[in-house]
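Asks: this one's sequence-less:
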């Protein structure tokens, strides 16, 4: 399947047929997702793209509805995945014409730069042939589309100019004149195209026309901008006047930048930002941690300017007082070169001011962090006295001057888990590793066999270029699998850098130690204590856990952020894993690890119970997002408590997180964590932990642990507790699923009354009881009484604002409608339920709804739609780690295959369903019995087919 946005938005099947998508807004949503194919796009970006700066009320809900509609329009293999950060279209970027175009345009540009004119021409023609008209032509009126279309059109124009440049180099001047005249007429302000036309005319023996083009350009620029032609266009004009046979395209500006031995990879966004800032501001500072590639980025950005540049390396300076002299040396200035002789008492800064007072120059000050005060003073003096001077600095902290524009530099772009080989090469971190690995092992390439190991290396090293290069260098002696496996000891592994590098860049440890040495005592204390957090932290959590006085804490946190030891993003503070690993060693050396781990566990146990209290209310989505943000911290606290044998904290965290796991469909991961805690708790509930023990058993059983909650009467579990339960629903679910011997409505009612007795009056419990009773009555065929109870439950959940309860009840009402012979109404109810499942981000619940709708469609005879639902349910259930739903989806697919006559496929799916980890509870027994019945039906069909075949066996006496 191919996706096209370079023209009208289209989805094309392999045979060229177009798949309809929907109206303009739906096609615009598809286009916005396609432009970031394979990557997560935030909901905010999509809302901005669809509705602009002033979205309507309910835009988030409207987006979810649009996503749901688009998901239904696309084939199952190209679904739109929900992530906590937004949505991801599961499409190979290589299937999107815009992605292929930009990759080809980039390859053509590289070929042009290297002088391979013929290859540049071929590749760029292939790129431009992908265009079928203006980009996104059919959705150009949607708010965010014009900016995306303009960006693509700009890349297209640059590719056209690159192709023309290659053709000029091959001697096709005369043949290009007509095309260039059209290009200039359409874009009269593009000086590159104008210069190409002038060169083509001059070499074709038409210099007068070339000179006329320059005059037209000069007049147009003066009228539009009040500006003169650029130096490059003026140079071509001069060459035409002199009668030179082949006027140069441009004259390279004089600069003092070192030549690079390797190609520059990635950083497109940073380069764009730096380029824009250099056109607007006079002081730009690239800030970021050591090894992030600030120096290389500054050199690359400076080399692209049409101006004089000088690089000043400050890393080797012992004292800040040496900074002015270092600048003088880099500029090659001596007393004789100044406007006036050196005067007694005149310092180096005065001499620099005199030398640079009227000079147009970009000064690149590299590695300012250890001389930050003196560097800042010098920059402030020079910028105030030298109006034509600009400064581009690199540092691990800002210079702290008014008017300073910051450009953060961190790791290179990283692919998400599960990225294919083709997709992986679209990320700069992977390209860097592959290129540096090939430098030391020429036959190395990223393949399907090693891509996961390469991705692990790049992600573990945070995409830091220096760390990636050090890891790639190890391939001289170790296979890639060994490098990936040894990264837990990264500082010992990554200890062989370039001999030409400065000492602080030769090993990974030296890079971090350089930054560590620049911290004060309070910053070091906080830095080592912050390592107890996983996945970042909020200010509140950091202050509570780290235990520093408030003023000291705020100053230290500010210092760590300024010095790039900690990154601040979306209100959370995060350490790069390499920095975190180094500081964790310091925490152990200080003897503070156990104390901080206990404080961390105590804080997040309290947080988890606080959050749980909000998960059955209208604010549940907000608290789900908060829990998502702290998921790594919560789980690492649980693992630490389990590993240290701290039963109360470990079991308490399982209990507090149980409903969160249930709502998010994280039953597989929760089961594994709970199973580990059971190993600590033993076979019986410890004193004071009866509810926690029961919930550990319950969660573990969801993953197929084989340990099931004990059977008993409806309220026996509640009566056995030593205090009122904090998770009544999950105990209720355990009781309703395996406790009541019959599962009839009266049993459910008894259990609900017992629940009310121990919990007290609660509207949510009332709605829950009505839902359970309604489901039980539906199972007994009491349709009207079931509907009354379920409508009561739905009203109760909606009044509270609980989306989960509403979702489950809507699913039950959908089943009831199907049972009453109304499949259209059933689908409508299930569609509403699935929208709520998407809001909640629960893959498991959506799988359940998909499976249910598939069964309804199967009974209605719509095999194609049923198969789509079962296939999607299978993918969602596998992702959520819910074996009972995996088996249920396989059973549904088996039924479709049986009805289509593919008995071998049906038998294989049934056998896979039985082998899929059915645990004997929570739908396990039902799915097992239905699967065995399906196998009997398949056997009967096979026997009937054998009898019907020529020479088949006659029917047996009993008619089988």
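Replies: Now that the structure is in, tell me what you want to look at. The structure presented is a predicted model; accordingly, all values stated were derived computationally and were not measured.
Asks: what about the nearest residue to residue 360 once chain neighbours are set aside, how many neighbours?
Replies: Nearest non-adjacent residue to residue 360, counting by CB to CB, 6 or more residues apart in numbering: residue 388, 4.4 Å away. (Glycine included, C-beta is placed from N, CA and C.) Close neighbours of residue 388, defined as other CB atoms under 10 Å, add up to 12.
Asks: Repeat that for residue 640.
Replies: If you count neighbours by other CB under 10 Å, residue 640 ends up with 21.
Asks: quick one: what helix or strand has it in it?
Replies: Take DSSP states H and E as the rule and residue 640 turns out to sit in helix 631-643.
Asks: Contacts for that helix next, please.
Replies: For helix 631-643, the surrounding residues in contact (CB atoms under 8 Å, 6 or more residues apart in numbering) are 533-537, 541, 597, 600-601, 604-605, 607-608, 627, 649-650, 653-654, 657, 669, 673, 676-677, 680.
Asks: Apply 6 Å and report the result again.
Replies: Under the contact criterion CB atoms under 6 Å, 6 or more residues apart in numbering, helix 631-643 has outside partners 533-535, 597, 600-601, 604, 649-650, 653, 673, 676-677, 680.
Asks: In ChimeraX, select just the buried ones from these.
Replies: Burial among the contacts of helix 631-643 is assessed by 16 or more other CB atoms under 10 Å; the matching ChimeraX selection reads:
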select :533,534,597,600,601,604,649,650,653,673,676,677,680
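Asks: from the contacts of helix 631-643, which has minimum pLDDT?
Replies: On pLDDT alone, residue 535 ranks lowest of those, at 84.
Asks: Excluding chain neighbours, what is closest to it?
Replies: In space, residue 535 is closest to residue 632, 3.0 Å off (CB to CB, 6+ apart).
Asks: number of nearby residues for the one you found?
Replies: 14.
Asks: got it, and the one 10 residues further on?
Replies: Burial of residue 642, expressed as a neighbour count using other CB under 10 Å, amounts to 23.
Asks: per-residue pLDDT, it?
Replies: At residue 642, pLDDT is 95.
Asks: Relative to residue 686, how far out is it?
Replies: 14 Å (CB to CB, to the nearest Å).
Asks: In which helix or strand does the residue lying closest to residue 305 once chain neighbours are set aside reside?
Replies: Excluding its sequence neighbours, the residue lying closest to residue 305 (CB to CB, 6+ apart) is residue 362, at 6.2 Å. When elements are assigned from DSSP H and E, residue 362 belongs to strand 361-366.
Asks: Check which helices and strands the helix or strand that that strand is followed by sits against.
Replies: Where DSSP H and E defines the elements, the next helix or strand beyond strand 361-366 is helix 372-385. The contact analysis (3 or more CB pairs under 6 Å, 6 or more residues apart in numbering; DSSP states H and E) places helix 372-385 against helix 323-331.
Asks: contacting residues around the helix it packs on?
Replies: 310, 312, 348, 349, 352, 371, 374, 375, 378.
Asks: Show me which of those has the smallest pLDDT value.
Replies: Ranking those by pLDDT, residue 348 lands last with 81.
Asks: Any idea how many residues pack against the residue nearest to it when sequence neighbours are not counted?
Replies: Nearest non-adjacent residue to residue 348, counting by CB to CB, 6+ apart: residue 324, 3.5 Å away. Other residues lying near residue 324 total 22 when counted by other CB under 10 Å.
Asks: what do you get for residue 326?
Replies: 19.
Asks: quick one: it from residue 320, how far?
Replies: 10 Å.
Asks: Quick check: beta-bridge partners of the residue nearest to residue 305?
Replies: Beta-bridge partners for residue 362, by DSSP bridges, are residue 309, residue 390.
Asks: got a list of what it touches?
Replies: By CB under 6 Å, 6+ apart, the contact list for residue 362 reads 302, 307, 309, 390.
Asks: what's the pLDDT at it?
Replies: We have a pLDDT of 89 for residue 362.
Asks: swap in residue 718?
Replies: At residue 718, the predicted lDDT confidence score is 59.
Asks: before we move on, what about residue 584?
Replies: pLDDT at residue 584 comes out at 90.
Asks: re the thing from before, hmm, which of the contacts of residue 362 is lowest in pLDDT?
Replies: Within these, lowest confidence goes to residue 307 (73).
Asks: any idea which element it lies in?
Replies: Per DSSP H and E, there is no helix or strand for residue 307.
Asks: how many neighbours does it have?
Replies: By other CB under 10 Å, the residues close to residue 307 number 15.
Asks: Turn the contacts of residue 362 into a markdown table, including distance to residue 868.
Replies: As requested, the contacts of residue 362 are arranged in a markdown table below (distance: CB to CB, whole Å):
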| residue | distance to residue 868 |
| --- | --- |
| 302 | 55 |
| 307 | 59 |
| 309 | 59 |
| 390 | 59 |
